[in-house]
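K.L.:
I would like to see how this sequence folds:
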Amino acid sequence: IGGSDPSIVITGTGFKATILEADLTITLGTTTLIFESITNTSTSATIVFSGIVAAGTLAITAKTSAFDPAPGAASNTLSIVALAAAKTIATASTMTIGNTGASIVITGTGFKATIVQSDLTISVGNTGLTFSSIDNTSTTSKTIVFTGTVAAGTLAITAKTSAFDPVPAADSNTLSIVAVGAASKVALTTSSIGTASGAAFTTQPVVTVQDSNSNTVTGSSAVITATISAGSLVGTVTATASSGVATFSNLGITGTSGVAYTITYTASGLTVATQSVTVSLGTATASAITTQPSGAVNGAAFTTQPVIRIVDSGGNTVTTSTVDVVATIASGTGGTLSGTTTVAAVAGVATFTNLVITGTAGNFTLTFTPTSLTLVTSSSFALSVGQLSTNYYPIPGDRTVSSRSHQILCGCTGAKCKTARGDQG
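P.N.:
Got it, this is the predicted structure:
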């Protein structure tokens, strides 16, 4: 039922080489099919129909003209009943070890109004249960009642074809209901995979609430919490069990590349589960200063040039990065930064070589900005003046300059300084 364009193969001995529709008596009944064609072999004929199969019975008889030599009478009549597709049943019922009795609800479509024990195949295994009755109140579910004290084991239930109307082509699937004890532990049933620092695991952890025999406690809605021994977790660190299974959604870890960390999964009152995770290098997100700039003298290259690393969220150097890093003055007045202010990272490290600040003495900080990443600002450093010149040059014709006490000192090394008599200012 519901299938389209079926083919019916009839077999026998003595068929003519070619039989036609006129050689057969075909009754379509309520199947809503239409005869299309016949394909012949020496021992069979395939009769092809078109249309969507409806509930009903197709009848086929081979007339005497279908055979060579012709028999004394027509063949028997074949009755082919259109059957429904096989049915699927389900249950959300559970059995708890030590409980008295159990009621298992099976759900599905197409159940007869009333089904009885003989319409089911029931195996109680070693659960200690005995079949009692069936509640047929609902048209879409049946409640099967058992007596006895539930012991550890598995109850199996299959609905036979006789349990349905119209009759399907095969028995239903078999339900296996495991008797479980009280929740005693959590177990990691799917481990985290894809552990790049700062990113969510590509495969999220799945934690199951289990009894002491490692059966899933399907009635549990425990909250599972993930914690870590060092480093830090990112994303949502809790997951609530549904039918005893908790799946995390965006959990991840930030830490040092190559270092193994222990993630612990806990639920109140239950034995914990643990997992060892080794962090791998993450995506570049920011910059960090390896060497601070220092030794800044007005107009001269820093004696210690800054070195900048490109890092992931865990502070790991991203050795594949080649981004440009731009240095600018972040704070300080009256200064100009020169030299090579843009440096490309090599293996994730940008090393400046000739940065210079020219300007007024004072405290400065520098900002280092990698393309599209988070910048970093240096520690404060002092800009000092250059070496003072001791040269002086008398004004021509001035005979009063006689001692170094009259010098005017300039702040630029090598600059020429002139003097004037004190009474001339």
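K.L.:
got phi/psi on residue 118?
P.N.:
The phi/psi pair for residue 118 (degrees, to the nearest 10) reads phi -70, psi -10.
K.L.:
for it, which non-adjacent residue is closest in space?
P.N.:
residue 162 (7.4 Å; C-beta to C-beta, 6 or more residues apart in numbering). For glycine as for every other residue, the C-beta is placed from the backbone atoms N, C-alpha and C.
K.L.:
just confirm the one you found is within a helix.
P.N.:
Yes: according to DSSP: H, G, I helix; E, B strand; the rest coil, residue 162 belongs to a helix.
K.L.:
show the contacting residues for it.
P.N.:
Residue 162 sits next to 112, 115, 118, 119 when contact means C-beta atoms under 8 Å, 6 or more residues apart in numbering.
K.L.:
show me the two of the residues you listed that sit farthest apart.
P.N.:
Across the contacts of residue 162, no pair lies farther apart than 112 and 118, at 11.9 Å, counting by C-beta to C-beta.
K.L.:
look at the two and report which has more neighbours.
P.N.:
Legend: neighbour count by other C-beta atoms under 10 Å for residue 112 and residue 118, higher for residue 112 (16 against 9).
K.L.:
might one say that that one is in contact with residue 165?
P.N.:
Yes: using C-beta atoms under 8 Å, residue 112 makes contact with residue 165 at a distance of 4.8 Å.
K.L.:
state whether residue 158 is indeed within a strand.
P.N.:
Yes: per three-state DSSP, residue 158 lies within a strand segment.
K.L.:
what's the neighbour count on it?
P.N.:
If you count neighbours by other C-beta under 10 Å, residue 158 ends up with 17.
K.L.:
what score does it have for pLDDT?
P.N.:
Note for residue 158: predicted pLDDT of 98.
K.L.:
shift numbering so it begins at 395
P.N.:
Taking 395 as the first residue, the last one we looked at is residue 552.
K.L.:
can you give me the distance of it to residue 507?
P.N.:
Using C-beta to C-beta, to the nearest Å, we find residue 552 at a distance of 20 Å from residue 507.
K.L.:
show me what counts as buried in stretch 441-457.
P.N.:
441, 443, 445, 447, 449, 450, 452, 454, 456, 457 (16 or more other C-beta atoms under 10 Å).
K.L.:
got those residues as JSON lines, with pLDDT, secondary structure and distance to residue 665 columns?
P.N.:
Output for the buried residues of stretch 441-457, formatted as JSON lines (pLDDT from 0 to 100; DSSP: H, G, I helix; E, B strand; the rest coil; distance: C-beta to C-beta, whole Å):
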{"residue": "441", "pLDDT": "97", "secondary structure": "strand", "distance to residue 665": "65"}
{"residue": "443", "pLDDT": "97", "secondary structure": "strand", "distance to residue 665": "62"}
{"residue": "445", "pLDDT": "95", "secondary structure": "coil", "distance to residue 665": "61"}
{"residue": "447", "pLDDT": "94", "secondary structure": "coil", "distance to residue 665": "55"}
{"residue": "449", "pLDDT": "89", "secondary structure": "coil", "distance to residue 665": "55"}
{"residue": "450", "pLDDT": "92", "secondary structure": "coil", "distance to residue 665": "60"}
{"residue": "452", "pLDDT": "96", "secondary structure": "strand", "distance to residue 665": "62"}
{"residue": "454", "pLDDT": "97", "secondary structure": "strand", "distance to residue 665": "66"}
{"residue": "456", "pLDDT": "96", "secondary structure": "strand", "distance to residue 665": "71"}
{"residue": "457", "pLDDT": "96", "secondary structure": "coil", "distance to residue 665": "76"}
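K.L.:
tell me which strands the helix or strand of the chain with the lowest mean pLDDT pairs with, and in which orientation.
P.N.:
In the chain, no helix or strand scores lower on mean pLDDT, DSSP states H and E than strand 489-490, which sits at a mean of 91. Counting by DSSP bridges, the strands paired with strand 489-490 are strand 568-574 (parallel).
K.L.:
so what touches the strand it pairs with?
P.N.:
Contacts of strand 568-574 (C-beta under 8 Å, 6+ apart): 483-485, 487-491, 498, 500, 515, 521, 544-552, 605, 607, 609-612.
K.L.:
which of the residues you listed fall within strands?
P.N.:
Among the contacts of strand 568-574, DSSP state E puts 489, 490, 498, 500, 515, 548, 549, 550, 551, 552 in strands.
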